[in-house]
Every structure is written in C-alpha cells, then in structure tokens.
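> Task: produce atomic coordinates for the following.
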Amino acid sequence: MDLATIFLSPTLWAMTLSLGTPIALAALGGTFSERSGVVNIAMEGIMLTAAFFAVFFSSLTGNAWLGLLLAVACGLGMGLLMAWAAVHLRADQIVIGTAVNMIAAGLTAYLLHIFFGQGSPSNTPQLPVVTIPGLAQLPFVGDVIGHQNVMVYITIGLFILAHYVLFHTVFGLRLRSAGENPQATESAGLSVYRLRYLGVLIGAFLSALGGAYLSIGVLNSFTQNMTSGRGYIALAAMIFGKWTPWGAFGAAMLFGWASALGYMFQGTSVPYQLVLILPYVLTVVALVGLVGRSRPPAADGIPYVHAR
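As a prediction, this is how the structure comes out:
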C-alpha cells in the first residue's frame with residue numbers, strides 16, 4: 001500500500017474519529033476543570049478507572065449502557081477525590097493528580113487479577129455502532145462518519161453543548177471567572193469552591209466517558225494500563241487547543257490521526273512502530289510550547305483561600 005492510498009483511505013479518517021474520541025472527551029473534561037482553576041492531570045487515572053469498571057459492570061449486568069453508567073459513577077468518585085484534595089485541602093494539584101493516577105493504576109491491575117485473571121472476558125457487551133441513513137451511502141464521507149460507534153456522535157453533540165455552556169451561559173461565565181479571578185468571583189457572592197468542584201466533576205464525568213468508550217467501544221477489552229498515556233495526551237490536546245472546546249477537539253483528532261496512521265502502516269515497508277510514537281512526540285511538542293504559546297486561565301493551578 002503506497003502513501004497516497006493510505007492518506008486518501010476513508011478507513012484512516014474513520015479510525016481517526018474513533019481513536020480520537022476518547023482523547024477528545026478527556027480533553028474537554030480538562031478544559032472544564034482548568035477553566036474553573038484546577039489543573040487536573042488525574043484524567044489518566046479517571047479514564048483507566050472507568051475503562052475497567054465499564055468492562056466489569058457490562059459483563060456483570062449484560063448491558064453495555066448500564067456498564068457505561070456505573071463506570072462513569074466510579075470515575076466521578078475519583079474526580080471527587082481530586083476535587084476534595086485540590087479545592088478543600090489546597091494540596092499541590094500536580095502531586096494529587098499523580099497520586100490519583102497511581103491509585104487507579106494499582107487498583108485496576110489488582111481488580112483485573114482478582115476478577116478476570118490475565119484478561120477481560122471475551123463476551124463483554126459493547127456499545128453499538130450506528131449507521132446514519134442517507135449519510136452512510138455517500139461516497140467517502142459515508143465511510144468516514146456515516147457508520148461509527150454511538151459514542152462518536154454523542155461526543156460531537158457534547159462539544160456543541162460544551163461550547164455553548166462555556167461561552168454563552170451565565171454558568172459558563174461564572175465557571176471561567178473562578179479560573180481567571182476568584183477574588184472577584186467571591187466578591188460577587190459566588191462560591192469559588194463550589195464552582196471549582198463543579199469544574200473538576202464535569203471534567204471527571206467527561207474523562208470517564210472517554211475511558212469507558214475506550215474499553216467497551218474501541219478496544220472491546222481491558223488490559224493493565226490500557227489507557228497508555230491517553231489522559232496525558234488529552235492534557236496536551238487541551239493546551240494545544242488553547243483551553244477551548246473546539247480547539248481541544250481539533251487537537252484530539254490530530255492525535256487520533258497520528259494513532260490511526262500507525263495502524264495503517266502495518267504491512268508496509270515503513271516500520272509502523274515508529275509511526276505509533278507520533279502521538280507521544282506530538283504530546284511533548286505541545287507541552288513544551290513549540291506549537292505556539294498558549295495562555296492558561298490566570299488562576300489555573302493556584303489554590304484559593306476564602307477571603308477573611
């Protein structure tokens with residue numbers, strides 16, 4: 001398969017959407033968290049927790065949707081831990097995020113061994129693939145977007161909703177004010193703590209959706225540390241996207257495209273292992289600022305103390 005065939009293949013772009021969606025959901029979650037003023041690198045741990053429990057509960061109940069719901073609840077539990085330590089205890093947000101990631105890695109590895117041995121069950125119910133009538137019949141476009149997992153379409157809807165909420169509602173204005181000028185927010189009679197809790201929990205909800213989709217929508221299994229740094233890639237996508245929903249979506253799709261490219265190069269003369277490192281190379285580039293200078297919310301990562 002030559003390069004032109006690979007880059008013009010609808011399979012590449014369909015895989016880009018599929019592989020980019022978990023990253024996009026976590027990046028959107030990080031956007032809400034950091035817009036409220038909390039740096040949330042615990043997205044990796046939240047995704048991993050939800051990925052495991054999505055498989056666990058889907059297998060237990062025989063229902064992928066119920067598995068998704070319960071997995072998100074477990075992810076929210078991790079998010080609540082992050083919010084409590086970051087907002088109320090005013091702990092270092094990088095340290096507590098790292099701790100959550102380590103807890104998730106150890107917990108899921110232990111539970112995987114206890115309940116499933118060396119691998120997840122092969123009969124785990126999966127989230128459905130949806131075919132959109134009319135669109136699916138269009139040449140090229142139909143192959144790319146007309147026949148995707150239901151979570152891909154839900155994710156697009158969530159990004160539309162998130163952009164509207166963040167930039168066109170009173171709640172969005174208040175949430176952003178907590179990350180830009182918390183003193184002014186409190187002087188207006190608003191609770192900075194409450195807004196930051198909401199920002200972190202919304203972020204945890206979206207990250208958990210991404211993790212659950214990864215295990216019962218994309219890879220159809222759970223393996224130890226299966227997120228493979230996607231939470232950190234989502235952090236880079238959020239920074240690359242300048243803390244905006246659509247910017248984060250575009251950056252996440254770029255990382256998804258880099259991952260899809262690695263799979264497409266299998267069977268060619270190009271070592272696909274080299275291409276598989278592209279998402280991580282892009283992550284490093286984004287985080288060191290070589291792709292452009294991004295300005296985070298002014299109070300991002302700064303613990304807030306109530307005015308006396």
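
> Look up which helix or strand residue 148 falls in, please.
For residue 148, the enclosing helix or strand under DSSP states H and E is strand 147-149.

> partner strands of that strand, parallel or antiparallel?
Strand 147-149 pairs in its sheet with strand 129-131 (antiparallel), by DSSP bridges.

> And the partner strand, what's buried?
Buried residues in strand 129-131, counting neighbours by 16 or more other CB atoms under 10 Å, are absent. Backbone N, C-alpha and C define where each C-beta goes, glycine included.

> again with stretch 177-190
Going by neighbour count (16+ other CB under 10 Å), the buried part of stretch 177-190 is 177-182, 185-186, 190.

> from these, which ones fall inside strands?
With DSSP state E as the criterion, strands contain none of the buried residues of stretch 177-190.

> quick one: which of those residues is nearest to residue 136?
Nearest to residue 136 among the buried residues of stretch 177-190, counting by CB to CB, is residue 179 at 40.9 Å.

> outside of the strand holding residue 148, which residues touch it?
14, 17-18, 21, 127-132, 136, 213, 217-218 (CB atoms under 8 Å, 6 or more residues apart in numbering).

> so how far is stretch 217-226 off the chain centroid?
Relative to its parent chain, stretch 217-226 has a centroid offset of 15 Å by CA atoms, centre = their mean, to the nearest Å.

> of the contacts of strand 147-149, buried ones?
Buried by 16+ other CB under 10 Å: 14, 17-18, 21, 127, 213, 217-218, out of those.

> Could you give me the buried positions within stretch 275-285?
Buried, per 16+ other CB under 10 Å, within stretch 275-285: 275-276, 278-280, 282-283.

> Stretch 241-259 now?
Buried residues in stretch 241-259, counted by 16+ other CB under 10 Å: 241-245, 247-259.

> Please work out which residues outside it touch it.
Defining contact as CB under 8 Å, 6+ apart, one finds that stretch 241-259 is touched by 12-13, 15-21, 23-24, 27-28, 30-31, 34-35, 159, 162-163, 166, 233-234, 236-238, 240, 275-276, 278-279, 282-283, 286, 294-297.

> returning to that earlier point: ok, the buried residues of stretch 275-285 vs residue 109, which is closest?
Distances from residue 109 to the buried residues of stretch 275-285, taken by CB to CB, are shortest for residue 280, at 21.6 Å.
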